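Enquirer: Give me a model of this one.
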Amino acid sequence: MEKRRVVVTGIGAVSPVGNSAEESWRSVLEGKSGVGLMTRLDSDLFPVKVAAEVKDFDIEDYIPRKDARKMDRFTHYALASSIMAMKDANLELEGELALRTGVWIGSGIGGMETHEQQFKTFLEKGYRRVSPFFVPMMIPDMASGQVSIHLGAKGINSCTVTACASGTNSIGDAFEVIRRGDADVMITGGAEAPITTMSVAGFCAITALSLNPDPATASRPFDAERDGFVMGEGAGIVILEEYEHAIARGAKIYAELIGYGSTGDAHHITTPAPGGEGGARAMNQAIKQGGISPGQIDYINAHGTSTPYNDLFETMAAKTVFGDHAYKLAMSSTKSVTGHLLGAAGGLEAIFTVKALQEGILPPTINYVNAEVECDLDYVTEGARKVDIQYAMSNSLGFGGHNASLVFKKI
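Expert: Residues are numbered from 1 along each chain as shown. From the prediction side, this is the model:
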């Protein structure tokens, strides 16, 4: 059976650099960093002093306070972004369309903030004072659940939890749902709110976070002096739609999603496989499914976390997949501006990738100052670059050896 075509018809985001997809995109192009001194937590408790926090966001702009109180912060971000994405797509779910619209939103750690707050209540006041909403606020699938409830999407409702690959895997899984004919529209992406005491403590304990106290230079992917990632938060949601369905209703189309690859390293719980072998296989899968050759990829939105292993191994993976073409394509990390949104990163970065295709402009990698011998590709370090591109890839890699890649086509 011939697989159906899938396009992006709506985008929505809440991020450290903007409370909409468009504002976030403009900030990324301008190299306007969302990293600042940590304000939500007591930074004296940690060796880490910076974070990429969402600013001036009010969930009551989207839903009543009484509903918002029953949700964790990560669900707030997902719901607001989904509402914006559906409005951008000019879609309202009624009748048959509601039955043919699904939700697939990933989260790496879900409601960590709720878990910490309710555990403190339990220790101080006992189990009777724990909120009856504790479990449905905490579990990672509740972003998908609440979006489905509030928007009326009655199709498949799911959540992929693959650490920092959650958002990309969710988009890829939603893509497959439409391709096989089980839905016409999917609301998909990732959401995360990990700037919490235990989350930051945990990432400090495994020495994954940057100890650089300067917000202006802490997130520096591919730079020789990089020392870890900067914790970020937010959500990125895209509306995927079957091509003919979108054309029939006169929808605005950002780009076509043509390929998805997903692999496992089978190597280590936190360290990528040597040489980025698993990531290379995911990229090859996505390219093959897209029916194109590696030499046709013009741009990669890299996972690019600013950690020593990731940036080196992702660079090595690109060289494995693309050979000499690796030095001709452009590859940038928008995490240099947004910080690392964990399970939400793939959703936000998919938005940046389709916007790069639509507008013909590549977002830069900021803070790249000190070249490393082995990280020697074109990381778009001079600022946003105007160039017409036809095919672009977005990569995400997660703890547990999860690798995911998406390939988009200009349309």
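Enquirer: make it CA atoms for all contacts and neighbour counts henceforth
Expert: Will do.
Enquirer: In this structure W104 contacts G155, no?
Expert: No - contact status for W104 versus G155: not in contact, 10.0 Å apart, counting by Cα atoms under 8 Å.
Enquirer: Between the two, point out the one with more neighbours.
Expert: Higher neighbour count among W104 and G155: W104, with 30 against 19, using other Cα atoms under 10 Å.
Enquirer: that's a helix at that one, yeah?
Expert: No - secondary structure of W104 (DSSP: H, G, I helix; E, B strand; the rest coil): strand, not part of a helix.
Enquirer: Distance of it relative to Y260?
Expert: 15 Å (Cα to Cα, to the nearest Å).
Enquirer: same thing with S170?
Expert: The gap separating S170 from Y260 is 11 Å, by Cα to Cα.
Enquirer: Going along the chain, name the helices of the stretch 251-400 of the chain.
Expert: Ranges of helices within the stretch 251-400 of the chain are 277-289, 308-322, 335-338, 345-359, based on DSSP state H, counting those that start in this stretch.
Enquirer: Which among those is found nearest to R226?
Expert: Nearest to R226 among these is helix 308-322; the distance by Cα to Cα comes to 6.6 Å.
Enquirer: So what touches stretch 307-317?
Expert: Residues lying outside stretch 307-317 but in contact with it, judged by Cα atoms under 8 Å, 6 or more residues apart in numbering, are 208, 221-222, 226-229, 271-272, 274-277, 279-280, 302-305, 374-375, 377.
Enquirer: buried sites along stretch 125-132?
Expert: Across stretch 125-132, burial judged by 16 or more other Cα atoms under 10 Å covers V130.
Enquirer: What of stretch 16-25?
Expert: Along stretch 16-25, the positions that meet the burial threshold by neighbour count (16+ other Cα under 10 Å) are P16, V17, G18, N19, S20, A21, E22, S24, W25.
Enquirer: Is D214 in a helix, a strand, or coil?
Expert: D214 carries the three-state label coil when classified by three-state DSSP.
Enquirer: mind listing the strands for the stretch 1-150 of the chain?
Expert: With DSSP state E, counting those that start in this stretch applied, the stretch 1-150 of the chain shows strands at 6-14, 36-37, 50-51, 101-106, listed in chain order.
Enquirer: Pick the most deeply packed of these.
Expert: The densest packing among the strands of the stretch 1-150 of the chain, expressed as mean neighbour count by mean count of other Cα atoms under 10 Å, is seen in strand 101-106 with a mean of 32.
Enquirer: any idea how far it is from the chain center?
Expert: Strand 101-106 sits 14 Å away from the centroid of its parent chain (Cα atoms, centre = their mean, to the nearest Å).
Enquirer: next one: stretch 49-66
Expert: Distance of stretch 49-66 from its chain centroid, counting by Cα atoms, centre = their mean, is 18 Å.
Enquirer: ends of it, how far apart?
Expert: Taking Cα to Cα, the span from the opening residue of stretch 49-66 to its closing residue is 34 Å.
Enquirer: Then stretch 260-270?
Expert: For stretch 260-270, the separation between the terminal residues is 23 Å (Cα to Cα).
Enquirer: now it, how far from the chain's geometric center?
Expert: Using Cα atoms, centre = their mean, the mean C-alpha position of stretch 260-270 is found 17 Å from that of the whole chain.
Enquirer: what's the answer for stretch 111-120, then?
Expert: Its chain's C-alpha centre lies 23 Å from the corresponding centre of stretch 111-120 when counted by Cα atoms, centre = their mean.
Enquirer: can I have stretch 291-308 written out in PDB, keeping just the CAs?
Expert: Taking C-alpha atoms only, stretch 291-308 is exported to PDB below (Å, rounded to 0.1, in the frame of the first residue of the first chain):
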ATOM      1  CA  GLY A 291      13.800   8.500  -0.800                       C
ATOM      2  CA  ILE A 292      16.700  10.900  -1.200                       C
ATOM      3  CA  SER A 293      20.500  10.600  -1.100                       C
ATOM      4  CA  PRO A 294      22.700  11.900   1.800                       C
ATOM      5  CA  GLY A 295      24.200  14.500  -0.600                       C
ATOM      6  CA  GLN A 296      20.800  16.100  -0.900                       C
ATOM      7  CA  ILE A 297      20.700  17.200   2.800                       C
ATOM      8  CA  ASP A 298      21.500  20.900   2.900                       C
ATOM      9  CA  TYR A 299      21.200  21.600   6.700                       C
ATOM     10  CA  ILE A 300      21.100  19.700  10.000                       C
ATOM     11  CA  ASN A 301      19.600  21.100  13.200                       C
ATOM     12  CA  ALA A 302      22.000  19.200  15.400                       C
ATOM     13  CA  HIS A 303      21.300  17.800  18.800                       C
ATOM     14  CA  GLY A 304      24.400  19.800  19.800                       C
ATOM     15  CA  THR A 305      24.100  19.900  23.600                       C
ATOM     16  CA  SER A 306      27.400  21.600  24.400                       C
ATOM     17  CA  THR A 307      28.700  18.400  26.200                       C
ATOM     18  CA  PRO A 308      32.100  17.000  25.300                       C
END
